[in-house]
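Enquirer: Kindly generate the corresponding structure for this input.
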Amino acid sequence: MIKHVTLNTIFNIWDPLDVMHHAPIDEYRQLTDEILERINPLMSKNEIFNIVYEIGNFYFGEYTRMNNKSCDFISELIYQILNLKN
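Expert: Numbers count the residues shown, from 1 in each chain. The predicted structure follows:
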């Protein structure tokens with residue numbers, strides 16, 4: 001399963017609100033916690049996309065750099081991490 005620190009790092013680098021230059025390191029913690037509660041390795045990339053997009057829009061609304069293309073990229077990244085074989 002994906003670790004919180006990994007998902008939080010992904011969101012800090014992506015920074016959909018463009019705030020990390022002055023925000024605390026855990027700025028996206030509530031968002032990433034909720035995503036982690038809802039995803040699992042059996043999900044398709046499309047299912048992960050829907051969760052990321054839904055939760056992101058709930059938290060950020062229209063005030064974000066989050067769009068279909070960036071959500072697709074992040075969802076693919078999460079999907080690949082979830083499906084890494086040890």
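
Enquirer: who touches residue 68 in this structure?
Expert: The contact partners of residue 68, by CB atoms under 8 Å, 6 or more residues apart in numbering, come to residue 53. (C-beta placed from N, C-alpha, C; glycine too.)

Enquirer: pLDDT value on it, please?
Expert: Looking at residue 68, its pLDDT reads 86.

Enquirer: Could you report the separation of it from residue 37?
Expert: Here residue 68 is placed at a distance of 23 Å from residue 37 (CB to CB, to the nearest Å).

Enquirer: State the distance from residue 36 to residue 18.
Expert: As judged by CB to CB, residue 36 and residue 18 stand 23 Å apart.

Enquirer: Between these two, which has more neighbouring residues?
Expert: Remark: of residue 36 and residue 18, residue 36 carries more neighbours, 17 against 11, as counted by other CB atoms under 10 Å.
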